[in-house]
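Q: Here is the input, now give the coordinates:
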Amino acid sequence: MFPLWLNIVILLVAIHLTLVVLMEHRRPTTALAWILVLVLLPVVGIVMYYLFGVSVRNKHLIDRSKFVELKMHTAPYEKKGVSGYSQLIPMMLNVNHSYPTWGNDLKVYTLFQDMLDDLKADMERARHHIHFEFFKIESDEVGRDISEVLIRKAQEGVEVRVMYDAAACWLVPPHFYRRLSNGGVKVEAFSPIFPILSPFANYRNHRKIVVVDGKVGYTGGMNIAERYLKGISSGIWRDTHMRITGPAVTELQTAFLGDWFLTSKEWISSEVYYPAQRCNGNKLMQVVISNPTSQWRVMDLSLSEMISAAQEYVYLQTPYFVPSDAIRKSLYGAAWAGVDVRLMIPAKPDVGMLVSNASKWYLQQMMEAGVRVFLYDKGFLHAKTVVSDDRVVSIGSVNIDNRSVTQSFEINTFTYDQEFAREQREVFLHDMESCHELDLNSWMERPYFQRFKESVARLFAPLL
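A: I've put the predicted structure just below:
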């Protein structure tokens, strides 16, 4: 098929990349998957590696002094001497510089319309700036509605900055963003994939952040798209989002401004974007910001520690379930120790079958270890929530899969509050009414071809 000299070049490149994969600090399953592709399909493997496999770990996207400059705005609000939450709080403080802050007030949304109404009202009240970052901002009815508010506020003199992920929004017509720019909104695409496709294009920004005047923040799993409002063919689009006031908003601001600098090269750190915070509530929180260049996989560490520390129950909701070894073993260990472990995932995938089939591969062992598995039937479950022991709640953008944990820019909140945890436990129990629970014996009888597809998908899922 290829001339001899080209076959030799392909072989040498494949051997070189195999050695690179072996020498890097990758998960064994991921390394083996890459080696398998490079050995069996060298041409495809080489192309896939340069598109999806180049490691950017330990590369500093922002100079450390700049990062410290932003973080110092949160430091005065650090709640010191906190105890009673295992090692979670000090671990995230030491690994991620995630300051525990007290005095936050929260509002959680499971209905997109409620979130949209409050978000628009908060943006209408903006006097200085609106920072608006979403993985997906689509040019549908919802996107156009939001864009009208953003343009109007920009024309009133409010600083409006909008950021979206270029790969996630590549089908959005360019004129949608041009209209925002022409209306006075500063718009940036995170890591454009055209006209030059770089290896860094694999690392996407999956965060959802809004900060209004440095005082009100939004984050969670919701994007700006009509399907959140009207659902999809299989039913509703079920997600979780939250509104925050109090010191934790400074951490959302830091996440946004770091991303803004990465995309626009505009450095913003003025005090005017970090106004003095009032204690509006009584919630203790940590905001964890992760990116693929970090030495430590903080989301992997934090979620596995939260699960391992559970003594009574831990309930998880995730749209995609391809757990890391650490999270998988934490779930096994908790269930074996008698903890009530429940996992909720969608019954049907939103797009594609690779991740869905890979997810199903893990379910048999989960149930054998004692984890109860629920499939959400009412539509597509997109919520990313973990609640444990009426003590800790994690809500954010992180899916329990390889891409979220190792390859995406993510943000999660950890809230330490008994009342709040009980509320989120009740939300989970309510969602169970729209699920069916898997039975281990019946699951083991599924067709051989289905199990074969799951096994193949599981091999390749770590690549993506």
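Q: and stretch 430-437, how far apart are its ends?
A: 14 Å (C-alpha to C-alpha, to the nearest Å).
Q: Quick one: residues in contact with it.
A: Under the contact criterion C-beta atoms under 8 Å, 6 or more residues apart in numbering, stretch 430-437 has outside partners 238, 317, 342, 344, 347, 372-378, 381, 383. (Glycine included, C-beta is placed from N, CA and C.)
Q: mind redoing it with 7 Å?
A: Defining contact as C-beta atoms under 7 Å, 6 or more residues apart in numbering, one finds that stretch 430-437 is touched by 344, 372-378.
Q: Which parts of the stretch 1-150 of the chain are strands?
A: 101-109, 129-134 (DSSP state E, counting those that start in this stretch).
Q: same thing with the stretch 301-450 of the chain?
A: Under DSSP E, counting those that start in this stretch, the stretch 301-450 of the chain gives strands at 313-317, 340-346, 372-376, 379-381, 385-388, 392-396, 408-416, 435-437.
Q: Relative to residue 34, which of those strands is closest?
A: Distance to residue 34, taken as C-beta to C-beta, is lowest for strand 408-416 among these, at 18.3 Å.
Q: circling back to that earlier point, in CSV, list the strands of the stretch 301-450 of the chain along with distance to residue 252, mean pLDDT and mean neighbour count.
A: Shown next, in CSV, are the strands of the stretch 301-450 of the chain (distance: least, C-beta to C-beta, whole Å; pLDDT from 0 to 100; neighbours: other C-beta atoms under 10 Å):
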stretch, distance to residue 252, mean pLDDT, mean neighbour count
strand 313-317, 22, 98, 24
strand 340-346, 26, 97, 23
strand 372-376, 28, 98, 20
strand 379-381, 25, 95, 24
strand 385-388, 18, 98, 26
strand 392-396, 11, 98, 26
strand 408-416, 8, 95, 25
strand 435-437, 32, 97, 14
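Q: Nearest to residue 289, out of those strands?
A: strand 408-416 (5.5 Å).
Q: Tell me which other helices or strands the closest one touches.
A: Other elements packing on strand 408-416 under the criterion 3 or more C-beta pairs under 7 Å, 6 or more residues apart in numbering; DSSP states H and E are strand 283-290, helix 298-309, strand 392-396.
Q: Make TSV out of the ones you listed and add distance to residue 161.
A: As requested, those are exported to TSV (distance: least, C-beta to C-beta, whole Å):
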stretch	distance to residue 161
strand 283-290	18
helix 298-309	25
strand 392-396	21
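Q: Name all residues that make contact with residue 345.
A: Here residue 345 is in contact with 318-319, 321, 359, 375-376, 381 (criterion: C-beta under 7 Å, 6+ apart).
Q: how about the nearest residue to residue 130, chain neighbours excluded?
A: Nearest residue to residue 130, sequence neighbours excluded (C-beta to C-beta, 6 or more residues apart in numbering): residue 160, at 4.8 Å.
Q: Please confirm that the one you found is located within a strand.
A: Yes. Under DSSP: H, G, I helix; E, B strand; the rest coil, residue 160 falls within a strand.
Q: what is the rounded mean pLDDT of the lengthiest helix in the chain?
A: If you go by DSSP state H, the chain has its longest helix at helix 4-23. Per-residue pLDDT over helix 4-23 has a mean of 76.
Q: Can you tell me how far residue 158 is from residue 229?
A: 25 Å (C-beta to C-beta, to the nearest Å).
Q: Settle it for me: which of those two has more neighbours?
A: Neighbour comparison, residue 158 and residue 229: the larger count goes to residue 158, with 19 against 16 (by other C-beta atoms under 10 Å).
Q: so who does the more buried one touch?
A: Contacts of residue 158 (C-beta under 7 Å, 6+ apart): 126-130.
Q: Max pairwise distance over those: which two?
A: So, the contacts of residue 158 by C-beta to C-beta: farthest apart are 127 and 130, at 10.0 Å.
Q: Neighbour count for those two, which is higher?
A: More crowded of residue 127 and residue 130, by other C-beta under 10 Å: residue 130, with 23 against 11.
Q: Give me the pLDDT for the more buried one.
A: For residue 130, the predicted pLDDT is 98.
Q: Do I have it right that it meets residue 212?
A: Yes. Judged on C-beta atoms under 7 Å, residue 130 makes contact with residue 212 at a distance of 5.6 Å.
Q: any shared contact partners between those two?
A: residue 123.
Q: Between the two ends of stretch 157-171, what distance do you get?
A: Using C-alpha to C-alpha, the two ends of stretch 157-171 sit 30 Å apart.
Q: Next, the buried residues of it.
A: Across stretch 157-171, burial judged by 16 or more other C-beta atoms under 10 Å covers 158-169.
Q: Pull the distance from that stretch to the chain's centre.
A: Chain-centre distance of stretch 157-171: 17 Å, with C-alpha atoms, centre = their mean, to the nearest Å.
Q: need the contact list for the nearest residue to residue 355 once chain neighbours are set aside.
A: Nearest residue to residue 355 in three dimensions, chain neighbours excluded: residue 320, at 5.0 Å (C-beta to C-beta, 6+ apart). Contact analysis of residue 320 by C-beta under 7 Å, 6+ apart lists 355, 359, 399, 401.
Q: Out of the residues you listed, list just those in helices.
A: 355, 359.
Q: what's around residue 4, how many residues?
A: With other C-beta under 10 Å as criterion, residue 4 counts 7.
Q: circling back: any chance of the contacts of stretch 430-437 in JSON lines, plus distance to residue 174?
A: Below are the contacts of stretch 430-437 laid out as JSON lines (distance: C-beta to C-beta, whole Å):
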{"residue": "344", "distance to residue 174": "38"}
{"residue": "372", "distance to residue 174": "47"}
{"residue": "373", "distance to residue 174": "43"}
{"residue": "374", "distance to residue 174": "41"}
{"residue": "375", "distance to residue 174": "39"}
{"residue": "376", "distance to residue 174": "35"}
{"residue": "377", "distance to residue 174": "38"}
{"residue": "378", "distance to residue 174": "36"}
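Q: how about the helices of the stretch 1-150 of the chain, start to end?
A: Secondary structure of the stretch 1-150 of the chain, counting by DSSP state H, counting those that start in this stretch: helices at 4-23, 28-40, 42-48, 64-71, 88-96, 112-124, 141-155.
Q: May I see the buried residues of the last one?
A: Neighbour counts over helix 141-155 (16+ other C-beta under 10 Å) mark 142-143, 146-147, 149-151, 153-154 as buried.
Q: wait, which of those is closest to residue 312?
A: Closest to residue 312, out of all of the buried residues of helix 141-155 and judged by C-beta to C-beta, is residue 142, at 39.2 Å.
Q: show me what contacts that closest one?
A: Counting by C-beta under 7 Å, 6+ apart, residue 142 has contacts 224-226, 229.
Q: what's residue 237 sitting at in phi/psi?
A: Residue 237 has phi and psi values of phi -110, psi 100 when expressed as degrees, to the nearest 10.
Q: ok, now the one 10 residues further on?
A: Here the main-chain torsion angles of residue 247 (degrees, to the nearest 10) amount to phi -60, psi -30.
Q: For it, which residues are in contact?
A: By C-beta under 7 Å, 6+ apart, the contact set of residue 247 is 74, 77, 101, 103-104, 277.
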